[in-house]
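**Student:** Structure, please.
(one chain, ligands or ions: 4)
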Amino acid sequence: DEQKSINTDIVTLTRFILEEQRKLGSRATGELTLLLNSLQFAFKYIAHTIRRAELVNLIGLAGVQNATGDDQKKLDVIGDEIFINAMKSSGNVKLVVSEEQEDLIVFDTPGGNYAVCCDPIDGSSNLDAGVSVGTIFGVFKLLPGSTGNIKDVLRSGTELVAAGYTMYGASAHLMLTTGNGVNGFTLDTNLGEFILTHPKLKIPKTRAIYSINEGNSHYWDPKTVAFIESLKKPQENGKPYSARYVGSMVADVHRTLLYGGLFAYPADTKSKTGKLRILYECFPMAMLLEQAGGRAVTDKGERILDLLPKKIHDRSGIWLGSEGEVNKFIEATK
Ligand code: AHG
Ligand code: MN
Ligand code: MN
Ligand code: MN
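**Tutor:** Residues are numbered from 1 along each chain as shown. Ligands and ions are numbered 1, 2, ... in the order given. You can find the predicted model right below:
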């Protein structure tokens, strides 16, 4: 009956982060907690803005291109401004790398101790069709003694202290890792709170789903073509893999985390270093997948998190998902 179904002890994101902080004991300065609170405000406000986009005519092109050559949507620009302002006002962010900003952004925040890399609106080419988009983020702590410069972000992904995304679907889903597992939260718009809905999320060890833009197969390495073709044949269980491709990385990765399977965006003769950007797409998703018990590797089968970007918008080919599928890819193409 009604009484039993009411959860009277819900774990909000704020409570969860404070509990995580307490687990760290004296080592925790509370700064990451404050930063994550500013991040969650940005997600709530972007979610609100996207929901109203149709009403206030925010759909459509802004008429300019960004540093990576993408046509900017109005919501790319608005999401970017909301995110940057939330980071600036947090008081403890010194640097921001954004897909929508050509150069590194340095705040004159005294004491700012974090660098945040973000893709404010991922999947924006799908926005006008109402397909789920999201915000992807990765957090570095400034190098010891640094007052905030490019060296704080041109680092290996293994140095990230937090990463995740918020997918703006039917509900807003925040998937977060601070280095000890992945936890999923769903925005309760009435409370204005992210509620813990996927505690200690682990990706299934294997699942017969592959997710890749086959429209690029003409440009792929022959080994990639052969591997994807092999998935279309009946496997040991007599059934071929299913194909699922949304075209928003956040939506394709969210499905992969929850259902299992393989997501890939390989480099090819058209995009020689791949399409997805290392700092604010590949690294955060790779950290999440590894923390959920999955893998994320380059076209050569090397760990994505071990990459070292030379420029803030550098790209990489990426294969991520269940251990079973990523291992199959590595075996088939080594
Ligand atoms: P963004 O919208 O942030 O520029 O990212 C788009 C990316 C990513 O979301 C998705 O996986 C990929 O573009 C899809 O590319 P294709 O349309 O070439 O498949
Ligand atoms: Mn873009
Ligand atoms: Mn993106
Ligand atoms: Mn984007």
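
**Student:** Can you pull out the low-pLDDT segments for the chain?
**Tutor:** 1-2, 4, 54-60 (pLDDT under 70).

**Student:** Just the closest residue of it to ligand 3, please.
**Tutor:** Per C-beta to the ion, Asp122 is where the chain lies closest to ligand 3, at 3.4 Å. Using the backbone N, CA and C atoms, a C-beta is placed for each residue, glycine as well.

**Student:** which residues does that residue form a beta bridge with?
**Tutor:** Gly134 (DSSP bridges).

**Student:** That one is in contact with Val250, isn't it?
**Tutor:** Yes - assessed by C-beta atoms under 8 Å, Asp122 is found in contact with Val250 at 4.8 Å.

**Student:** Counting neighbours, what do you get for the residue of the chain closest to ligand 3?
**Tutor:** Number of residues near Asp122 (other C-beta atoms under 10 Å) recorded here: 28.

**Student:** What separation do you get for it and Arg207?
**Tutor:** Plainly put, Asp122 is 23 Å away from Arg207 if you go by C-beta to C-beta, to the nearest Å.

**Student:** Identify the contacts common to Asp122 and Val250.
**Tutor:** Shared contacts of Asp122 and Val250, defined by C-beta atoms under 8 Å, 6 or more residues apart in numbering, are found at Val133, Gly134, Thr135, Ile136, Tyr165.

**Student:** neighbour-wise, which of these leads?
**Tutor:** Neighbour-wise, these (other C-beta under 10 Å) top out at Ile136, 31 neighbours.

**Student:** contacting residues for that one?
**Tutor:** Listed by C-beta under 8 Å, 6+ apart, the contact set of Ile136 reads Cys118, Asp119, Asp122, Gly164, Tyr165, Met249, Val250, Tyr280, Glu281, Pro284, Met285.

**Student:** Just the ones of those residues in strands?
**Tutor:** If you go by DSSP state E, the contacts of Ile136 have Cys118, Asp119, Asp122, Gly164, Tyr165 in strands.

**Student:** among the residues you listed, which are in reach of ligand 1?
**Tutor:** Contacts with ligand 1 within the ones in strands among the contacts of Ile136, counted by C-beta under 6 Å from any ligand atom: Asp119, Asp122.

**Student:** Helices along the protein, start to end?
**Tutor:** 2-5, 13-24, 31-52, 74-90, 222-231, 249-259, 283-291, 323-333 (DSSP state H).

**Student:** Now for the closest residue to Gly63 other than its chain neighbours, how many residues are close by?
**Tutor:** Once flanking residues are discounted, Gly63 sits nearest to Gln72: 7.9 Å by C-beta to C-beta, 6 or more residues apart in numbering. Using other C-beta under 10 Å, Gln72 has 18 neighbouring residues.
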